[in-house]
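Asker: My questions are about this predicted structure, shown below with the sequence.
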Amino acid sequence: MFNIQSIIDAFIFRLQSFGWSDLLDLLLVTAAIYILLQVLRRSQAAFVLRAALVVAGIFLLVNLLLPLPTFGIIINFATIAIGITLLFVLAPELRRWLDRFGRNLGFSFGGRESMAGQIIPQVTSAIEHLSASKIGGLIVLEGTAPLTDIISTGIPVHGQVTSELLETIFFDKTPLHDGAAIIREDEVIAAGCVLPLSDQVLHGWRRLGTRHRAAVGMSEVSDALTIVVSEETGAISVAEDSRLRQDLDRGELTQTMRDFYTRGPDISKPTTWRFWEDWHFPGPRAFFTDLIYLVLAVALALVATTAVRAANDPIVQGRQEGVALQVKDLPADTVLASTPPQTVVVEYEAPASELPSIGTTTFQASISLAGVSTGVTRVPVEVTTTSTAVTIIDPVPAEVDVSVAEIISKTVPVSVTVEGADTLSAAYVISGDPMAVPTEVTVTGPESSIERTATAGATVSVENATSTVRGNRPLVAYDVEGIRVSDVTIEPSVASVTVIIRARGNARDVGVRAVTTGSPPDGYWLSSLTVEPVGVTIQGDPAIISEMGSFVDTLPVDLSEAAGELVIEVPLDLPADVQALDSNGNALSNVTVTALVAARSGDLLTERPVDIINDRGTNSIEIDPPTVQLLLSGPLPTLNRIEQDPELVSVVIDALDLPSNRSVEVTPTVVAPDDIRVQLVDTSVLVTTKRNNN
């Protein structure tokens, strides 16, 4: 149950958020109420109806003002009863109004389509008979535009459309045969009608008479279809859309009429002509009376729509969190010294049906700093919405404290921080201090931040460098404790940094080369040889170092008895007074040499007998052939052992898998060392079993 206050709130809110759907709803309700008021105004039972409406209004008012549940139920039933009673009381008036309304709408598309099946055969038959008899005829099929003026020039007929009636009208002994017959819906509405003549120069003008000119003239002023039968030749013609089509046969005529009746309404030719023909200005007194009824209908429609929507779609309050807060109109030469809240909460009211579509993007929250002076200032939060269905109540917080600081500038020196110096080879050294261009820069920002700024620093890496490092590096503001100052700008923002790295005179970086002696055992070869580290720094007498090449060798590693992987610590073969240094600058006495001595691979073709295993003596077994050839692939040492001892490879067949008294093809199983790959030259043998008789 809703109350007066809710209706008032809904009414005000609906006016504030009036949209297209509300306007359409209001127009339709206003039209319905206005028609009802006009019906009541002219009704013979007007006094009874007015009394019923007054009683219903009183019931509704009491139901709104007083929370009386039981009485409210009675009022609801009484309202339904009054509505049903109105339908019976107003039945004659409603019937007359609907009849007038239907006539004003004209021949509807659905009616035209249903009439086509009745009219087309009759008209076609009549046209054929007239054509065969060379009797002139002029028939107009009314379209959506009423032909009231044309009909008034003829004689009313109001007869059902039949072939006989049309032929009778155009019989040359009747007084109606010279005019046009007008067909509206399913009846011949008039005959002997006068049609306007066309001013066009028609094709074949000498053979076309007044009927054809009248047909074209009719098509120029209306959307009607005009059918002409020539009195001289009996030819059938059709005029439509200011065009004349001649010499039609029965099929073409039938299709043309079917297209005419089944097409939709032509929106370029309004169907309201008939209404405006009957309309006239009612006079000042009646006009103002109608205007009063219209204003009353609008007022009642407003009350009705807002009351219904207040009941079906009540206005509720909601809270939207996470609405982004924007800062606008920051004064020139100032900056925010403190960060305001990133988001705010918006309290709003809206129809319940709109709640699912409301989100953070529905609202825009902002604070304006126009005219704000430096220091801390409290400013209000302003919220707008993109939805006309939403009313904003308050933002939370409604105000925020903002600190605005003046922007100042000062000059600070540029410092360079070198990273990765500990990774430099012992053969190289950083010469002098790093250099930066420019040596000073300007920093700009809030006064408090600028006072903290002590330097603008650039960072450069010399990791594993062997020559001077140059390049542009971005500048970052730091305070005296080396803590970054983030809310300032630096001009210029980059510096050209140079770190000079030179080679030491008594040191040089060289590669390490492993030296071997002896050959691996027969059947093996040296597949890989590595040394760790791959390079060292040699330090000593500059004259001796300058004569050394790019590599320093290890003492020889003996591979005579090596097999598999060999890892050994080997001293470097260095001249006297020269030492090796690792990457950390420490003296290096040995390097690690890793040698992988792998067996060579080869192939061996051999022949082995086929043996039977798990033979219990139940069957006598014959194998054909008794031996098979094998292709063995693998390390040469293993293949050499197999040549010396063929029993290392065996070919067997399991007797348990053989059927009795049968001959079958069987693939033998080969047993060989794990590092040998076996391939049977003959993939199978024929095995024959015979059961032994005890």
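Answerer: Sure thing, it's come through.
Asker: Can you give me the pLDDT of the nearest residue to Pro556 once chain neighbours are set aside?
Answerer: Once flanking residues are discounted, Pro556 sits nearest to Thr517: 4.0 Å by Cβ to Cβ, 6 or more residues apart in numbering. From N, CA and C alone the C-beta is placed, and that goes for glycine too. What the model reports for Thr517 is a pLDDT of 90.
Asker: Thr517: what's it in contact with?
Answerer: If you count contacts by Cβ atoms under 8 Å, 6 or more residues apart in numbering, Thr517 has them with Pro556, Val557, Asp558, Leu559, Ser560.
Asker: got a list of what the closest residue to the second one other than its chain neighbours touches?
Answerer: In other words, Val557. Leaving aside its sequence neighbours, Val557 sits nearest to Thr516 (Cβ to Cβ, 6+ apart; 4.9 Å). Applying Cβ under 8 Å, 6+ apart, we find Thr516 in contact with Leu526, Leu529, Pro556, Val557, Asp558, Leu559, Ala595.
Asker: Which one of the residues you listed is nearest to Val460?
Answerer: Of all these, Leu529 has the smallest distance to Val460: 39.2 Å, by Cβ to Cβ.
Asker: show me the contacts for the closest one.
Answerer: Leu529 makes contact with Ala514, Thr516, Val593, Thr594, Ala595, Leu596, according to Cβ under 8 Å, 6+ apart.
Asker: That one sits in which helix or strand?
Answerer: Using DSSP states H and E, the element containing Leu529 is strand 524-532.
Asker: Quickly run through the sheet partners of that strand, with directions.
Answerer: For strand 524-532, the paired strands and their directions (DSSP bridges) read strand 590-599 (antiparallel).
Asker: And the partner strand, what's buried?
Answerer: Of the residues in strand 590-599, those with enough neighbours to count as buried (16 or more other Cβ atoms under 10 Å) are Val591, Val593, Ala595, Val597, Ala599.
Asker: can you pull the pLDDT of the closest residue in space to Val480 that isn't next to it in sequence?
Answerer: Spatial nearest neighbour of Val480, excluding adjacent residues (Cβ to Cβ, 6+ apart): Ala454 at 4.5 Å. At Ala454, the predicted lDDT confidence score is 92.
Asker: Mind naming the longest strand for the chain?
Answerer: What stands out as the longest strand in the chain, according to DSSP state E, is strand 399-419.
Asker: what's the following helix or strand after it?
Answerer: On the C-terminal side of strand 399-419, the closest following helix or strand by DSSP H and E is strand 428-430.
Asker: same for that next one, what does it pack against?
Answerer: When contacts are defined as 3 or more Cβ pairs under 8 Å, 6 or more residues apart in numbering; DSSP states H and E, strand 428-430 packs onto strand 501-503.
Asker: again, only this time at 10 Å
Answerer: Contacts defined by 3 or more Cβ pairs under 10 Å, 6 or more residues apart in numbering; DSSP states H and E place strand 428-430 against strand 501-503, strand 507-513.
Asker: Next, Gln122: secondary structure please.
Answerer: When states are read from DSSP: H, G, I helix; E, B strand; the rest coil, the local structure at Gln122 comes out as helix.
Asker: who touches the one helix or strand Tyr261 maps to?
Answerer: Secondary structure assignment for Tyr261, by DSSP H and E: helix 250-262. Outside of helix 250-262, the residues within contact range by Cβ atoms under 10 Å, 6 or more residues apart in numbering are 107, 109, 111-117, 119-121, 123-125, 127-128, 131, 141, 143, 223-225, 227, 236-238, 240, 245, 248.
Asker: Please point out which parts of it sit buried.
Answerer: By neighbour count with 16+ other Cβ under 10 Å, helix 250-262 contains the buried residues Leu253, Thr254, Thr256, Met257, Phe260, Tyr261.
Asker: contacting residues around Ile407?
Answerer: Listed by Cβ under 10 Å, 6+ apart, the contact set of Ile407 reads 331-335, 374, 444-447, 449-450, 488-489.
Asker: which among those residues end up buried?
Answerer: Among the contacts of Ile407, those buried by neighbour count (16+ other Cβ under 10 Å) are Thr334, Val335, Thr374, Thr444, Gly445, Pro446, Ser449, Ile450, Val488.
Asker: possible to save those as CSV with distance to Gln579 and secondary structure?
Answerer: Output for the buried ones among the contacts of Ile407, formatted as CSV (distance: Cβ to Cβ, whole Å; DSSP: H, G, I helix; E, B strand; the rest coil):
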residue, distance to Gln579, secondary structure
Thr334, 66, strand
Val335, 61, strand
Thr374, 68, coil
Thr444, 55, strand
Gly445, 55, strand
Pro446, 58, strand
Ser449, 54, helix
Ile450, 54, helix
Val488, 51, coil
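Asker: Could I get those residues in CSV, plus columns for pLDDT and distance to His158?
Answerer: CSV is the format used below for those (pLDDT from 0 to 100; distance: Cβ to Cβ, whole Å):
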residue, pLDDT, distance to His158
Thr334, 83, 90
Val335, 81, 91
Thr374, 80, 94
Thr444, 90, 97
Gly445, 87, 96
Pro446, 87, 96
Ser449, 86, 99
Ile450, 88, 101
Val488, 88, 98
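Asker: Out of these, which comes closest to Leu424?
Answerer: Checking these against Leu424 with Cβ to Cβ, the nearest one is Val488 at 33.9 Å.
Asker: Which residues are in contact with that closest one?
Answerer: With contacts defined as Cβ under 10 Å, 6+ apart, Val488 is in contact with 335, 407-410, 412, 443-446, 449-450, 452-453, 456, 476-477.
Asker: again, 7 Å this time
Answerer: With contacts taken as Cβ atoms under 7 Å, 6 or more residues apart in numbering, Val488 has the following neighbours: Val443, Thr444, Gly445, Ser449, Ile450, Thr453, Ala477.
Asker: neighbours around Val323, how many?
Answerer: The number of residues packed near Val323 is 21, by other Cβ atoms under 10 Å.
Asker: was I right about it contacting Ala365?
Answerer: Yes: under the criterion of Cβ atoms under 7 Å, Val323 is in contact with Ala365, at a separation of 4.8 Å.
Asker: shared neighbours, these two?
Answerer: Here Val323 and Ala365 have Val344, Val346 as joint contacts, going by Cβ under 7 Å, 6+ apart.
Asker: hey, where'd the strands end up in the stretch 151-300 of the chain?
Answerer: For the stretch 151-300 of the chain, applying DSSP state E, counting those that start in this stretch gives strands covering 155-160, 180-184, 187-193, 225-229, 236-240, 243-245.
Asker: Run through who's touching the third one.
Answerer: With contact meaning Cβ under 7 Å, 6+ apart, strand 187-193 is reached by 150-151, 153-161, 165, 169, 176, 179-183.
Asker: Now, of the residues you listed, which are buried?
Answerer: Among these, those classed as buried by neighbour count (16+ other Cβ under 10 Å) are 150-151, 154, 157, 159, 161, 165, 169, 176, 179-183.
Asker: Closest to Val29 out of these?
Answerer: Proximity of the buried ones among the contacts of strand 187-193 to Val29, judged by Cβ to Cβ, is greatest for Ile151, which lies at 38.2 Å.
Asker: I'd say that closest one and Ala181 touch.
Answerer: No: the criterion here is Cβ under 7 Å, and Ile151 misses it with Ala181 at 10.6 Å.
Asker: Local confidence estimate at the nearest residue to Arg213 once chain neighbours are set aside?
Answerer: Counting by Cβ to Cβ, 6+ apart, Leu197 is the residue found nearest to Arg213 once chain neighbours are left out, at 4.7 Å. Note for Leu197: predicted pLDDT of 88.
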